[in-house]
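**Q** I'll drop the sequence and a predicted model, then ask my questions.
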Amino acid sequence: MFAIVNIAGQQFKVKQNDELFVHRLSGNAGDKVEFSEVLMVSNDGNITVGNNAKKVSAEILDHLKGDKVIIFHKKRRKGYQKKNGHRQCLTKIKINEIA
């Protein structure tokens, strides 16, 4: 059984006991969260499209930052260069059940 669910503006294919990284969610480690925007559910070949009172419950495991992404701008022969970096704030969650 799997579901396609919208979490923090992104769509994820989730199964029970999956651990995944999503954009930063509000809450502390150990808190339970529910996602009610379920787009599709597949249960052994029976596909249900749309939100028919389905919910996905998960647990927040940890808040962390992703890998550093380096942004480098340069204009050749002009003496202009700029280096910048960014680390995305992420939340690690574990899917408990698809109800």
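**A** Structure's in. What do you need?

**Q** centroid residue for this protein?
**A** residue 22 (2.4 Å; C-alpha atoms, centre = their mean).

**Q** for it, what are its contacts?
**A** 7, 8, 10, 12, 90, 91, 93 (C-beta atoms under 8 Å, 6 or more residues apart in numbering). (Glycine included, C-beta is placed from N, CA and C.)

**Q** Against residue 12, how distant is it?
**A** For residue 22, the distance to residue 12 (C-beta to C-beta, to the nearest Å) stands at 7 Å.

**Q** Which helix or which strand is home to the spatially most distant residue from the centre of the chain?
**A** The outermost residue of the chain relative to its centre, with distances by C-alpha atoms, centre = their mean, is residue 77 at 41.9 Å. Taking DSSP states H and E as the definition, one finds residue 77 inside no helix or strand.

**Q** Could you do residue 27 as well?
**A** Per DSSP H and E, there is no helix or strand for residue 27.

**Q** ok, how many other residues are close to it?
**A** Residues lying near residue 27 (other C-beta atoms under 10 Å) number 14.

**Q** Which pLDDT value belongs to it?
**A** Looking at residue 27, its pLDDT reads 94.

**Q** for the closest residue to it other than its chain neighbours, which residues make a bridge with it?
**A** Closest residue to residue 27 apart from its sequence neighbours, by C-beta to C-beta, 6 or more residues apart in numbering: residue 60 at 5.2 Å. Note on residue 60: beta-bridge partners by DSSP bridges are residue 93.

**Q** next one: the one 4 residues further on
**A** Listed by DSSP bridges, the beta-bridge partners for residue 64 are residue 90.

**Q** My read is that residue 30 contacts residue 59, right?
**A** Yes: in this structure, residue 30 is within contact of residue 59 by C-beta atoms under 8 Å, at 7.1 Å.

**Q** which of these two has more neighbours?
**A** residue 59 (16 against 9).
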